[in-house]
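Novice: Sequence plus predicted model, see below.
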Amino acid sequence: MKALSIRQPFATLLCLGAKHYETRTWKTDYRGPIAIHASSIFDGPARELCVESPIRDLLATAGYRTPLALPLGKILGLARLIDCVPTRGLRSLDENQLRLGDFRPGRWAWRFTTPKLLRVPLPAKGKLSLFDLDLAELAREAWPLFAAKNGML
């Protein structure tokens with residue numbers, strides 16, 4: 001499965017369905033399911049965003065009361081990438097969506113749908129760009145008793 005590393009709090013917001021676009025400096029032709037990986041990098045400016053509205057409110061609704069509660073270095077969930085368009089082509093983004101991405105000219109907006117947050121995030125190393133990931137192998141490593149009980153070993 002393809003995976004994409006995204007910094008917090010944006011990885012969580014995407015998996016919760018609050019964020020619909022991930023903006024990048026590069027485009028992709030890939031369409032389909034993607035595992036959403038929360039980067040292990042969580043710098044001061046990103047943590048500060050977590051205590052400002054609307055991000056604070058979106059995270060609190062999902063039970064994340066502090067930036068320290070956000071998982072890092074883990075697969076948080078799955079979503080479907082359905083489009084990748086130049087940001088200049090986007091016309092009707094609401095205020096919240098605009099605050100959740102960098103929509104300056106020259107960037108690409110990756111459109112995600114059907115996000116699913118995993119009940120228990122899977123530890124995984126992220127990489128730059130889209131990368132391949134074996135979710136079954138990660139599950140076997142993270143949850144060996146579950147894997148053995150369910151015939152995954």
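Specialist: Good, I have the coordinates.

Novice: Which secondary structure element of this structure has the lowest mean pLDDT?
Specialist: Every helix and strand in the chain was compared by mean pLDDT, DSSP states H and E; the lowest is helix 144-149, with a mean of 57.

Novice: so where is this protein shaky, pLDDT-wise?
Specialist: Applying pLDDT under 70 to the chain picks out residues 143-153.

Novice: In it, mark out all the strands, start to finish.
Specialist: In the chain, the segments counted as strands under DSSP state E are 2-6, 21-24, 32-38, 74-86, 108-123, 131-132.

Novice: JSON lines please, covering those and showing mean neighbour count and distance to Thr66.
Specialist: Glycine gets a C-beta too; all of them are placed from N, C-alpha and C. Output for the strands of the chain, formatted as JSON lines (neighbours: other C-beta atoms under 10 Å; distance: least, C-beta to C-beta, whole Å):
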{"stretch": "strand 2-6", "mean neighbour count": "22", "distance to Thr66": "20"}
{"stretch": "strand 21-24", "mean neighbour count": "20", "distance to Thr66": "24"}
{"stretch": "strand 32-38", "mean neighbour count": "21", "distance to Thr66": "15"}
{"stretch": "strand 74-86", "mean neighbour count": "18", "distance to Thr66": "17"}
{"stretch": "strand 108-123", "mean neighbour count": "16", "distance to Thr66": "17"}
{"stretch": "strand 131-132", "mean neighbour count": "12", "distance to Thr66": "29"}
